[in-house]
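A.B. asks: Coordinates only, no sequence provided:
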């Protein structure tokens, strides 16, 4: 019996060491605080099309969606829609006050993209096979 316990102990130690080695070599994405306060410029520079949303924040949303278009082209709408949710949730969290507005009105994402990047919005709609970006958002 001691032999069996010893082997089990060595296996457990080896498994823990292997797990620790893998975790230390896996690059971790930078952690993003759940609510980052927007910069003073972002608070003061709002636009007429989307009151309360700075031009900088709107451009960040457009850039974030545009950066994902090639992924959605390859992944298709089934995997692309969750990707849209991640993009919008991350963007909203990074822009503090906008987060509450997106929770209240998913159509805000469409309003912003229509005003600031209609071509990016149109391509996203086609790739994700949705009538508007708001309909692609789940639980926001």
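C.D. replies: Received it, and whenever you're ready, just let me know what you need. Treat the numbers as computed from the prediction; the structure is a model and nothing was measured. Numbers count the residues shown, from 1 in each chain.

A.B. asks: so where's this structure uncertain?
C.D. replies: Per-residue confidence of the chain (counting by pLDDT under 70) places the weak regions at 1-51, 97-98, 139-140.

A.B. asks: rerun that using 90 as the cut-off
C.D. replies: Applying pLDDT under 90 to the predicted model, the residue ranges of the chain that meet it are 1-54, 92-106, 137-140.

A.B. asks: ranges for the helices of it?
C.D. replies: For the chain, the helices defined by DSSP state H cover 2-25, 40-44, 55-75, 77-94, 97-104, 107-116, 118-128.

A.B. asks: so who does residue 113 touch?
C.D. replies: By C-beta atoms under 8 Å, 6 or more residues apart in numbering, the contact set of residue 113 is 61-62, 65, 120-121, 124, 133. All C-beta atoms are positioned from the backbone trio N, CA, C, and that covers glycine.

A.B. asks: how about a markdown table for those, with neighbour count and distance to residue 92 added?
C.D. replies: Rendered in a markdown table, the data for these read as follows (neighbours: other C-beta atoms under 10 Å; distance: C-beta to C-beta, whole Å):
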| residue | neighbour count | distance to residue 92 |
| --- | --- | --- |
| 61 | 29 | 9 |
| 62 | 20 | 14 |
| 65 | 24 | 13 |
| 120 | 19 | 17 |
| 121 | 22 | 17 |
| 124 | 23 | 16 |
| 133 | 25 | 13 |
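
A.B. asks: now the residues you listed in TSV, with distance to residue 83?
C.D. replies: Formatted as TSV, the contacts of residue 113 follow (distance: C-beta to C-beta, whole Å):
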residue	distance to residue 83
61	14
62	16
65	10
120	14
121	15
124	10
133	12
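
A.B. asks: Closest to residue 94 out of those residues?
C.D. replies: When the contacts of residue 113 are compared for distance to residue 94 (C-beta to C-beta), residue 61 comes out closest, at 9.8 Å.

A.B. asks: Report the separation between the closest one and residue 112.
C.D. replies: When distance is defined by C-beta to C-beta, to the nearest Å, residue 61 is 6 Å away from residue 112.

A.B. asks: Then residue 92?
C.D. replies: Using C-beta to C-beta, residue 92 is found at 11 Å from residue 112.
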